[in-house]
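Q: Here is my input; please provide its structure:
(chains A and B)
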Amino acid sequence: MTANGKPKFAMYWAASCGGCEISVLNIGDKILLVDEVFDVVFWPVAADFKYDDVRGYPDGYIDLCLFNGAIRNSENEEMAHLLRRKSKVLVAFGSCAYEGCIPALSNLTDRASTLRAAFLDGPSVDNPSGILPQTVTTVPEGEIHIPAFYHTVKALDQVVAVDYTVPGCPPEPHQIWAVLEAVIGALKEGQPLPPRGAILGAGTVAVCDECPLEKDVKSIDRFFRPQELVPEPGICLLEQGLVCMGPATRSGCGALCPQVGMGCRGCYGPANDVVDQGARMVTALASVMSAGKTGDNEAELERRLEQILAGIPDPAGTFYRFSMAHSLLHRARTGGGNGKDQAQ
Amino acid sequence: MTQPFEPLIIGFTCNWCSYRAADMAGMSRLKYPPNVRLIRLMCSGRLDPEFIVRAFAGGADGVLVSGCHPGECHYLEQNFKALRRFMLLRLTLAQFGIEPQRLKLLWASAAEGVRFARECTAFVEQLRALGPLDWPGMVAERNGHHAVSQALPAEEVQA
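A: A predicted model of the protein is given here:
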């Protein structure tokens, strides 16, 4: 701690959308308390600090660093190492830093396809000479460098050691406050910090456990996409044929999405007893489908199942929407194509 | 001289039918390639899809899922559940670039040792034609990482 004696706070975004930062502001006027307790020393979205300021800090200078965003390019990775070195407590904050989140969906394809989609094929792209970003460009004034773009999006803990993880896309404000409160308590009153490696600001069980919708062990004959069905209120969405990630996903959000008729997206990552969120969803969906009973004709049954499964057009993108980088497979094996085509 | 490619196959069998089919194949002294490493579960319905994903992630070239014939499950209808999981997982894995032919579902009764040996031989040949999968090598080559060790490097400061 320096002159004013306040602990130092930093927040950084790597490959992310900025929603995590907004979510921190959503803790409301408690943000003033954060300002009262902490001295902000680095927070690009909120205050004007440069990377060089951080490089100039002594190692371990920052008491608490909330790192959101996945590791998508060499700049993200460099900042992860830098902030790890400068921080006493480094938190993987939000789904991107924790498990890759939406950016890591591009692990279903490869670098060339991602760049092509962003710089050549996008419907709003105007790039007649087909210019793609280059790591090094020579101009009359000299060489310009930009960060190298990776094939594979990684989670923060796949690059540096992480002290704590706060899941969610974005983390719910009341959960953020719970985490900040714990850290403030530790800093001001010497309360013990949670064990290193803990997942903070979330439950341990599945979203279903805190979802008030009525479950009735009912099986379904087909799946619906969200736009195809207005769900009955008060009844489990999975049992109405809507894909809901609740059975595989960690609780802590209060089951917000299912309660407004939208199946759980899975943003809190796998629950405590789940390793691979997607594999657990395969189990959950297989249990809710009705087809298959003694006496069924085998060929007929397979056709029937194929029909039902056609109602889930993008299983990998749905089941691993948030957890791709942390999944057992980590990424797809690609031949330059888009993974989606290979499902058909 | 280069060695022919020997696919590594993880096979999941159920206690009541398919494991006994494999046993029967052995007792009948049937010859079939030794590429399949069998893991016995109580039922194909016990097979968590995660086991299959883990097998591929760990370097398997193919996975065999084997259970009682539909209608003959020791636990009534759990093999139907296995079938539903299998089909959904196969679709999911295809998006990851794991060819559907790397997953095989085989119903085999305790009496079908000959069939078990024949199907395993065919599966090995099928995988030989597909070539190695080598998931860990592919991930590493594409700049993917597994989580770093939780032990901090020396220069980093403890909380």
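
Q: okay, CA-based contacts and neighbour counts for the rest of this
A: OK.

Q: And residue A:82, how far from residue A:165?
A: Going from residue A:82 to residue A:165 by CA to CA, to the nearest Å gives 18 Å.

Q: Need phi/psi at residue B:65.
A: When read as degrees, to the nearest 10, the backbone of residue B:65 gives phi -110, psi 130.

Q: about what we covered before: between residue A:82 and residue A:165, tell me which one has more neighbours.
A: The residue with more neighbours, out of residue A:82 and residue A:165, is residue A:165; 26 against 16, by other CA atoms under 10 Å in any protein chain shown.

Q: Provide the secondary structure category for the most centrally placed residue in chain B.
A: Central residue of chain B (CA atoms, centre = their mean): residue B:63, 2.1 Å from the mean position. Under DSSP: H, G, I helix; E, B strand; the rest coil, the three-state class of residue B:63 is strand.

Q: What of residue A:78?
A: helix.

Q: That one and chain B: what is the separation?
A: 15 Å (CA to the nearest CA, to the nearest Å).

Q: Tell me the confidence at that residue?
A: pLDDT, residue A:78: 96.

Q: need the contact list for it.
A: Not one residue lies near residue A:78 by CA atoms under 8 Å, 6 or more residues apart in numbering or on different chains.

Q: what about the strands in chain B?
A: Ranges of strands within chain B are B:9-14, B:36-41, B:62-67, B:103-107, based on DSSP state E.

Q: ok, the last one: who's next to it in the sheet?
A: Strands that pair with strand B:103-107, judged by DSSP bridges, come out as strand B:62-67 (parallel).

Q: Rounded mean pLDDT for the strand it pairs with, please.
A: 98.

Q: Next, the angle from it to strand B:9-14.
A: Between strand B:62-67 and strand B:9-14, the angle comes out at 10 degrees (axes from the mean of the first three to the mean of the last three CA atoms, to 10 degrees).

Q: Give me the angle between strand B:62-67 and strand B:36-41.
A: Angle between the axes of strand B:62-67 and strand B:36-41 is 40 degrees (criterion: the same axes, to 10 degrees).

Q: Which stretches in chain B count as helices?
A: With DSSP state H, the ranges of helices along chain B come out as B:18-27, B:49-57, B:78-95, B:113-130, B:135-141.

Q: Extract the residue ranges of the chain that are flagged as low pLDDT.
A: I'll assume chain A. For chain A, the stretches with pLDDT under 70 are A:1-3, A:335-344.

Q: Let me rephrase: I mean chain B.
A: B:1, B:146-159.

Q: So what would you say the end-to-end distance of stretch A:130-138 is?
A: By CA to CA, the extent of stretch A:130-138 from end to end equals 18 Å.

Q: Could you list the residues in contact with that stretch?
A: Under CA under 8 Å, 6+ apart, the answer for stretch A:130-138 is A:115, A:119, A:120, A:143, A:144, A:145, A:146, A:147, A:148.

Q: out of these, which are buried?
A: Taking 16 or more other CA atoms under 10 Å in any protein chain shown as the criterion, what is buried in these is A:119, A:120, A:147.

Q: Now do the contacts for the last one.
A: Read it as residue A:147. Residue A:147 is in contact with A:73, A:74, A:75, A:135, counting by CA under 8 Å, 6+ apart.

Q: try 10 Å this time
A: Taking CA atoms under 10 Å, 6 or more residues apart in numbering or on different chains as the criterion, residue A:147 is in contact with A:72, A:73, A:74, A:75, A:76, A:77, A:78, A:133, A:134, A:135, A:136.

Q: how close does the residue found closest to the second one once you drop the neighbours it is linked to in the chain sit to chain B?
A: Just to be clear, that refers to residue A:73. Spatially, and ignoring its direct neighbours in sequence, residue A:73 is nearest to residue A:149 (4.5 Å; CA to CA, 6 or more residues apart in numbering or on different chains). Going from residue A:149 to chain B by CA to the nearest CA gives 11 Å.

Q: List the contacts of residue A:149.
A: The contact partners of residue A:149, by CA under 10 Å, 6+ apart, come to A:71-76, A:111-112, A:114-115, A:133-135.

Q: Need the buried ones from those residues selected in PyMOL.
A: Filtering the contacts of residue A:149 down to the buried ones (16+ other CA under 10 Å) takes a single PyMOL command:
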select buried, chain A and resi 71+72+73+76+111+114
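
Q: So which of the contacts of residue A:149 is the closest to chain B?
A: Chain B lies nearest to residue A:111 out of those, by CA to the nearest CA, at 9.5 Å.

Q: Nearest residue to that closest one in space, please, no chain neighbours.
A: The shortest distance from residue A:111 to any non-neighbouring residue, by CA to CA, 6+ apart, is to residue A:151 (4.6 Å).

Q: Likewise for residue A:209?
A: Once flanking residues are discounted, residue A:209 sits nearest to residue A:251: 7.5 Å by CA to CA, 6+ apart.

Q: and the biggest helix by length in chain A, anywhere near chain B?
A: What stands out as the longest helix in chain A, according to DSSP H, is helix A:173-189. No - taking CA under 10 Å from any CA of the partner chain as the criterion, helix A:173-189 and chain B are apart, separated by no less than 11.0 Å.

Q: following that helix, which helix or strand comes up?
A: helix A:256-259 (DSSP states H and E).
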